[in-house]
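Novice: need a structure here:
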Amino acid sequence: HEREHNARPRDAMDKETCVPRSRGRSLVVLYNAERPHEAIDGAVPLDRYRSSPRDFRETQQPFDYAPGDHIRKIQQKGATSLFGRHFKICNAFAGRAVAFRATDKDGVFNVFFRHQKIQTIDLNLVER
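Specialist: Down below sits the predicted model:
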């Protein structure tokens, strides 16, 4: 819409090439590199940035869950099942394997993604 009517604000135009640039990008630069922040004594976040010493891996390494865990792959829209009961975990885990680990209470399971507990499911409250 803005392109059709050339309605972009002047500060959203790249002065060197005279072409529109992303307003979102300009706000990110303003926020991280130009605007002082009171919480960091008037510095800008870019002054405090340090790259992580850990390597970033594009793909996750395989993960072995504990013996006795019930492993299920989360389907589209976060759906899965355990012992014939269907329920939703979370869309973010679609395509990933999670572990259901029994608790001390009968029918209650903690759900883990790798080492992180993400939810508790009480099968006593889920219809078949």
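
Novice: Can you tell me which helix or strand of this protein has the lowest average pLDDT?
Specialist: Least confident helix or strand of the chain, by mean pLDDT, DSSP states H and E, is helix 2-5 with a mean of 45.

Novice: What does Ala33 show for phi and psi?
Specialist: Main-chain dihedrals, Ala33, degrees, to the nearest 10: phi -120, psi -20.

Novice: now swap in the one 5 residues further on and tell me
Specialist: Its backbone dihedrals place Glu38 at phi -60, psi -40, with angles given as degrees, to the nearest 10.

Novice: From Val44, how far off is it?
Specialist: Between Glu38 and Val44 the distance, using C-beta to C-beta, to the nearest Å, works out to 12 Å. To be clear about C-beta, it is placed using only N, CA and C from the backbone, and glycine gets the same treatment.

Novice: With neighbour numbers in mind, choose between those two.
Specialist: Val44 (16 against 7; other C-beta atoms under 10 Å).

Novice: For the more buried one, list the residues it contacts.
Specialist: By C-beta atoms under 8 Å, 6 or more residues apart in numbering, Val44 lies in contact with 32-37.

Novice: Repeat that for Phe112.
Specialist: 65, 69, 98-101, 118.

Novice: which among those gets closest to Leu125?
Specialist: Among the contacts of Phe112, Phe100 lies closest to Leu125 (C-beta to C-beta), at 14.9 Å.

Novice: how about the residue positioned nearest the centre of the chain, secondary structure?
Specialist: The centroid of the chain falls nearest to Ala92 when counting by C-alpha atoms, centre = their mean (7.1 Å). Here Ala92 is recorded as helix under DSSP: H, G, I helix; E, B strand; the rest coil.
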